[in-house]
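Peer 1: Return atomic coordinates for the entry below.
(chains A and B)
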Number of protein chains: 2
Amino acid sequence: MPVNYSTPAASQLHPVAGVRLGVAEAGIRKKDRRDLTLIALDEGARAAGVFTKNRFCAAPVTLCRQHLAAGSDIRALVINTGIANAGTGAPGMAAAEATCHGVAETLGIAPRQVLPFSTGVILELLPAERVLAGLAACQADLKADGWHAAAHAIMTTDTVAKAASRRVQIGGQRVTITGISKGAGMIRPNMATMLGFVATDAGIAPALLNSLVKEAADHSFNAITVDGDTSTNDSFILIATGKSGVEVSDAGDARWPALKAAVIEVARELAQAIVRDGEGATKFITIAVEGGRTIEECRQVAYAIGHSPLVKTAFFASDPNLGRIQAAVGYAGIEDLDVAGSRIWLASNGEEALVSEHGGRAAGYTEETGSRIMQAAEITVRVHLGRGEAQATVWTCDLSYDYVKINADYRS
Amino acid sequence: MPVNYSTPAASQLHPVAGVRLGVAEAGIRKKDRRDLTLIALDEGARAAGVFTKNRFCAAPVTLCRQHLAAGSDIRALVINTGIANAGTGAPGMAAAEATCHGVAETLGIAPRQVLPFSTGVILELLPAERVLAGLAACQADLKADGWHAAAHAIMTTDTVAKAASRRVQIGGQRVTITGISKGAGMIRPNMATMLGFVATDAGIAPALLNSLVKEAADHSFNAITVDGDTSTNDSFILIATGKSGVEVSDAGDARWPALKAAVIEVARELAQAIVRDGEGATKFITIAVEGGRTIEECRQVAYAIGHSPLVKTAFFASDPNLGRIQAAVGYAGIEDLDVAGSRIWLASNGEEALVSEHGGRAAGYTEETGSRIMQAAEITVRVHLGRGEAQATVWTCDLSYDYVKINADYRS
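Peer 2: Numbering: from 1, shown residues only, chains lettered A, B, ... in the order given. Have a look, this model is predicted:
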């Protein structure tokens, strides 16, 4: 069960003019499940993306990078579940290319206008012929209000479908932003996560779109971790169709901050939904590190805490074993950190307690307070490093029996 | 249950001339358990140590560093379990100093000749008065064949006591090396682990002893991981009493390679025992990475595999989900790694299978082979990076339900 998250109703996911989605059962790895999604974009849409830094990146990720480098005039995205087509060498690349050719033929566009995505088991070759056989059904299913079905069709070990949608007024005109994501394990995105798709009907100039997709990723998918494992297939795509009539072409435009904020908000909601649905998660943890010299060192500390199996099992047990958090701060890699100048707080439900200062337990802190705060399903760890003005926030979940169960059973 | 490890019998742990050990029940945190160990060294012994790089290092670690910096003529080690005296600020330092003064008074030596060690819960202050009250009983118990009892008295979440002993002929003379260690969780030593003590009756000149303790740590305690958490209290101490009559004072001495190899062998056996007894461990995994440009990048890849919860749960399940290993190789941080040039093998019980090459699944590899190899309790993952001559080996264990259980229950 995800932590305080459920899929929005289909009616809450506003269509984005210029985007249509269709799904199908292609039998990629298992029968009787919707495992193929086609997203068709009207002419004039622009897309930008960020992708995993994993050197063993999947064949579709390599193709996406090539196609986006060739131009932002993308017309289709195709997503299969079941098989990640990662660690598949040259045959994997051929399968991804065959998929793009199939989509191009189906929609009457060029193969380089297609972005392919795969998610599922690594080291297995994608059966391209099954993808191709399923495309006609996807095409027949294409519709503007297909977001809800698509959110379900891209799930793997996810227990809930993830989607978010906003309508905002930008310079007096209505702009819609809607997105979907998937992911529950192998989550420590290092550019973006597997998989996030956000579309807006605002028009955004290519250079601006490229910078926004990176900024949005940094404030959403690049700030979450479930198990510290960076996927081979992480991809986050931002699409701007321009159909709303709002067109922003430079960062000085007065409408830009509001549009940017709305896109980041949708991306963050989708990213947090992945953590809330993290494999075996029973708690949603916000780790806010401030007072660092650089954002990078704040992130380093936040991830050290967020990746520590000892910290994560303590959260699962609602045990304020806070020495484990101190230890993680201490080994995070800031070699000249003066721990006597650092402070650690724990908070939930509007109550915040100072736990550690001067290198030791804070004077007023009691186990009773710690235990009470740790009972909550949503907990914030705040760390002040006492050496600068930078800050960073990371979201993660606890480590439970079910994490082991899910990952020991997966594939079987 | 540890993986293929049981404590050697007391008779297999050879006394080291010049070293006596005594234990006592001091009631540090719980009653009715031996939780205090005193190791007394005859005059003329030399000690060297390596310690955690955790910035939140424990008060006793700080004192150990100061005392060793003041001279290698250490005469006593005192070790308590129950409370780690880490994250305890100035009061923690005062408690560690009081402990050293108490030992110095008991044995008629100087406080700077005492090395203190604590292990247990972090963020709790050491009750120095209980340590002091227990010292007389420790002193009364001091004996040359006290290694077996001491190995038991330094345990915390360990399920078995860890000890190793060797007798070797060095230049026609008999030299003894005996050591003990403890640790099962918060194991990703970053200098050495919590806690390892090795003594030899060889004499080793201070400069040589200092270099040997670092080299031995790098080939033993600095090459293991259970959960990736670097402890606040990691300490590895090497003692040379000189009582055997063998005295080595420079690295050119013909006897040095054999002595060095024997010390490293004992340290490695102790370090591996910690992994075999890793919290919840059901498998012992050797990760050998070769063909790297530097040892550092080989270690980076080995630790990425060894820390991956996905890889570790797959080992627990005996599931050859080898894409997870590829993914870890890919995200280990070698930015210019050409995965097409890398190869991955899996081995156990004398059978080795090539799993991955040319960036994909190896032609001859079958799931049946992978499954058969994964059933074993001891498994080797071998990775060739195909870009150089460097190599490094790391030992780790799997991630099971019991890891979560142990760490969610600890303290309760």
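Peer 1: Report the contact partners of A:L77.
Peer 2: Residues counted as contacts of A:L77 (C-beta atoms under 8 Å, 6 or more residues apart in numbering or on different chains) are A:T37, A:L38, A:I39, A:L41, A:A47, A:V114, A:L115, A:P116, A:F117, A:F197, A:I237. The way it works is simple: take the backbone N, C-alpha and C, and place the C-beta from them, glycine included.
Peer 1: do that again at 7 Å, thanks
Peer 2: A:I39, A:L115, A:F117, A:F197, A:I237 (C-beta atoms under 7 Å, 6 or more residues apart in numbering or on different chains).
Peer 1: Need the phi and psi values for it.
Peer 2: Dihedral pair for A:L77: phi -120, psi 140, per degrees, to the nearest 10.
Peer 1: Could you report the separation of it from chain B?
Peer 2: 23 Å (C-beta to the nearest C-beta, to the nearest Å).
Peer 1: quick one: the strands in the stretch 301-412 of chain A?
Peer 2: A:343-348, A:351-357, A:360-361, A:378-384, A:390-397 (DSSP state E, counting those that start in this stretch).
Peer 1: mean pLDDT lowest for which of the ones you listed?
Peer 2: Least confident of the strands of the stretch 301-412 of chain A, judged by mean pLDDT, is strand A:360-361 with a mean of 87.
Peer 1: Could you tell me which strands sit next to that strand in the sheet, and their orientation?
Peer 2: With DSSP bridges as the test, strand A:360-361 is paired with strand A:351-357 (antiparallel).
Peer 1: Isn't A:I325 up against A:I344?
Peer 2: Yes. Taking contacts as C-beta atoms under 7 Å, A:I325 lies within contact range of A:I344: 6.0 Å.
Peer 1: Show me which of those two is the more surrounded one.
Peer 2: A:I325 (28 against 23; other C-beta atoms under 10 Å in any protein chain shown).
Peer 1: who's in contact with the residue in the stretch 251-400 of chain A that chain B sits nearest to?
Peer 2: Using C-beta to the nearest C-beta, the single residue of the stretch 251-400 of chain A nearest to chain B is A:G323, 2.4 Å away. Neighbouring residues of A:G323 by C-beta under 7 Å, 6+ apart: B:A86, B:G87, B:V121, B:I122, B:L123.
Peer 1: Quick check: buried residues in the helix ranked longest in chain A?
Peer 2: The residue-count maximum for a helix in chain A (DSSP state H) belongs to helix A:256-276. Neighbour-count burial for helix A:256-276 flags A:256, A:259-260, A:262-276 (criterion: 16 or more other C-beta atoms under 10 Å in any protein chain shown).
Peer 1: now the closest residue to A:L125 other than its chain neighbours: how far from A:A94?
Peer 2: Counting by C-beta to C-beta, 6 or more residues apart in numbering or on different chains, A:L125 lies nearest to A:T88, which is 5.0 Å off, once chain neighbours are set aside. For A:T88, the distance to A:A94 equals 9 Å [C-beta to C-beta, to the nearest Å].
Peer 1: A:S244 now?
Peer 2: The gap separating A:S244 from A:A94 is 39 Å, by C-beta to C-beta.
Peer 1: Low-confidence bits of the stretch 51-200 of chain A, can you list those?
Peer 2: Counting by pLDDT under 70, the stretch 51-200 of chain A contains low-confidence ranges at A:187-194.
Peer 1: who in the stretch 1-150 of chain A is up against chain B?
Peer 2: A:54-57, A:86-89, A:91-92, A:121-123 (C-beta under 7 Å from any C-beta of the partner chain).
Peer 1: how about 8 Å then?
Peer 2: By C-beta under 8 Å from any C-beta of the partner chain, the residues of the stretch 1-150 of chain A that approach chain B are A:52-57, A:84, A:86-92, A:121-125.
Peer 1: All set now, cheers.
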